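In: what follows is a predicted structure for the sequence shown.
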Amino acid sequence: MRQETSCGCGVGPGGPLKGTAFDQEFVEGSVAADGIRIPAVSTRLTRRDILGGRKVRWDMGRMGYSVRPGLYAVGKPGSGSPVLVTANYKLSFDALRKELAGIDAWILVLDTKGINVWCAAGKGTFGTEELLHRIAAVGLDGVVSHGTLILPQLGASGVSAPEVKKGSGFRVVYGPVRAADVPAFLAAGMKKDDAMRKVRFDLADRMAVAPVELRHALPYLLAFLAASGLAAVPFSAGYAWRFFSVFFPLFGSLLVGTMVFPALLPYLPFQAFCLKGAVLGILWGIGSSLAMGLGALQTAAVTLAVMPVVAYIAMNFTGASTYTCQTGAELEVRRGLIPMAASLVLGIGLFVASRAMGA
Amino acid sequence: MNAHYLRNGLTLELSREACTGCGACVEVCPHAVFAVEGGKARILDRAACMECGACARNCPVHALRVKAGVGCAAAVIGSMLRGGAPSCGRDSACCG
């Protein structure tokens, strides 16, 4: 899978890193170059690395999941070994080093404030300025003699290869999008094929970012509990069932928006994410209401309320996707927000009316 | 998946006169928007362009222009609420 999804971002400010580069767990020894000791890193991920990676996918400790910026060695590199540049988000760094077993190379880690390559390139922290600064800070021209840097292709939106050449003399070669293709890229003499160049957004990529979306949607849960509690009054016989028959469609809409939507993204009609989400929201609203045995009026009310919830969560998935542009996102927001709000208000109003009529 | 999105590639401009056909745009584009044919770059699939700006930033002769931005509704809503251009970072809901 793509090792960095556009919203697999770590959140700054990165937090203070204790000790020196050598104090980091993945460092196992050192290599001498140009009279200095360069920390050498393992290419095997430990159970802790893997667990750490899983945790940040659930948005636990994403902030400050970082590596000390600077130069690292893999294997026994010399002055002719390739230099691979990456971000200091530990998930990015781990994704790269685990692919480098049996390869002698240098890894130049930029200070991207703990954020992955693509997001950092968009912000400019994985950028020309930081790259030039880091080349000078580690004295890279004393370490290698070939004057070439290999950057992840997704760093290209933040880095200008012509300006790096002008500012440092180093030639930038954009490597593959995915770290997993780095060994093949190196073996082919720094040549990439079309597949290495293309960003994908396969099922596994989409589901990898879904847990973070779910975490972000959790605040809705409190509102839904309150809404269901109110919808079920009076506190008479059947309260619990009335509560559940409203809470189930509402709670389910969070799962539909954060988990089912990413899974079905390519198969839903329309280009706008909010419309794709609205389709799913309508299906879920009707299906879940009927499953709860609600009448026609309440089914309509619940569907009108649930549809914008799914549509809104879906719309925000544009930020996690790998192919949406800003102009389109602006269009969705401008055209979508008011109809979504109106649908929600209408749904609530209709539900109150249905209860007042004794349903 | 190779998907097209609303208004994708609308702001992408290529000057065939300035282009030297070096292929830097082909190298950096994550969505295979370009091809070099007959010594010049050509836009093959404009609708696949997400306007990330990598091509314009790396074109040595400035033959490409694009209004680069973030294709993120949360960032757009954030900029509506707080002003400024949509960007990652000020919206803690997503990226730092």
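Out: Cool, got the structure.
In: got the buried residues for the helix or strand containing residue A:347?
Out: Element membership for residue A:347 (DSSP states H and E) is helix A:326-356. Going by neighbour count (16 or more other C-beta atoms under 10 Å in any protein chain shown), the buried part of helix A:326-356 is A:326-333, A:336-337, A:340, A:343-344, A:347-348, A:350-351, A:354-355. All C-beta spots, glycine's among them, are computed from the backbone N, C-alpha and C.
In: counting contacts, what elements does that helix pack onto?
Out: Other helices and strands packing on helix A:326-356, by 3 or more C-beta pairs under 8 Å, 6 or more residues apart in numbering or on different chains; DSSP states H and E, are helix A:219-231, helix A:273-291, helix A:296-316, helix B:73-82.
In: pull the contacting residues for the closest residue to residue A:298 other than its chain neighbours.
Out: Residue nearest to residue A:298 in three dimensions, not counting chain neighbours: residue A:354, with 5.0 Å by C-beta to C-beta, 6 or more residues apart in numbering or on different chains. Neighbouring residues of residue A:354 by C-beta atoms under 8 Å, 6 or more residues apart in numbering or on different chains: A:295, A:297, A:298, A:301.
In: top of the residues you listed by neighbour count?
Out: With neighbours taken as other C-beta atoms under 10 Å in any protein chain shown, the top of these is residue A:301, carrying 27 neighbours.
In: pLDDT weak spots in the chain?
Out: By default, I'm working from chain A. Within chain A, the ranges that satisfy pLDDT under 70 run A:1-18, A:359.
In: wait, chain B
Out: Within chain B, the segments meeting pLDDT under 70 span B:1-2, B:89-96.
In: what segments of it are strands?
Out: For chain B, the strands defined by DSSP state E occupy B:13-14, B:34-37, B:40-43, B:64-65.
In: so which of those comes closest to residue A:150?
Out: The closest of the strands of chain B to residue A:150 is strand B:34-37. By C-beta to C-beta, the value is 21.2 Å.
In: any idea which residue is closest to the centre of chain B?
Out: residue B:51 (2.0 Å; C-alpha atoms, centre = their mean).
In: how deep is the closest residue to it other than its chain neighbours tucked in, by neighbour count?
Out: Excluding the flanking residues, the one nearest residue B:51 by C-beta to C-beta, 6+ apart is residue A:325, at 4.2 Å. Per other C-beta under 10 Å, the neighbour tally for residue A:325 reads 27.
In: mind listing what residue A:325 touches?
Out: So residue A:325 contacts B:5, B:6, B:7, B:8, B:9, B:10, B:49, B:50, B:51, B:69, B:71 (C-beta under 8 Å, 6+ apart).
In: next, give phi and psi for the residue nearest to the centre of chain B.
Out: Main-chain dihedrals, residue B:51, degrees, to the nearest 10: phi 60, psi 50.
In: wait, it sits on residue B:67?
Out: Yes. With contact defined as C-beta atoms under 8 Å, residue B:51 reaches residue B:67; the gap is 6.4 Å.
In: give me the common contacts of the two.
Out: Common neighbours of residue B:51 and residue B:67 (C-beta under 8 Å, 6+ apart) are A:326, A:327, B:11.
In: so the second one touches residue B:50, yeah?
Out: No. Under the criterion of C-beta under 8 Å, residue A:327 lies out of contact with residue B:50, with a separation of 10.2 Å.
In: give the contact list for residue A:25.
Out: Contacts of residue A:25 (C-beta under 8 Å, 6+ apart): A:46, A:48, A:49.
In: I'd like those residues laid out as CSV, including neighbour count, secondary structure and distance to chain B.
Out: Below are the contacts of residue A:25 laid out as CSV (neighbours: other C-beta atoms under 10 Å in any protein chain shown; DSSP: H, G, I helix; E, B strand; the rest coil; distance: C-beta to the nearest C-beta, whole Å):
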residue, neighbour count, secondary structure, distance to chain B
A:46, 12, coil, 26
A:48, 10, helix, 23
A:49, 19, helix, 21
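In: what's the neighbour count on residue 26?
Out: Defaulting to chain A. Neighbourhood size, residue A:26 [other C-beta under 10 Å]: 20.
In: let me rephrase: I mean chain B.
Out: Number of residues near residue B:26 (other C-beta under 10 Å) recorded here: 19.
In: from what I see, it and residue B:37 are in contact.
Out: No. Counting by C-beta under 8 Å, residue B:26 does not reach residue B:37; the two are 10.6 Å apart.
In: sorry, back to before: so which of the strands of chain B is nearest residue A:268?
Out: Among the strands of chain B, strand B:40-43 sits nearest to residue A:268 (C-beta to C-beta), with 27.4 Å.
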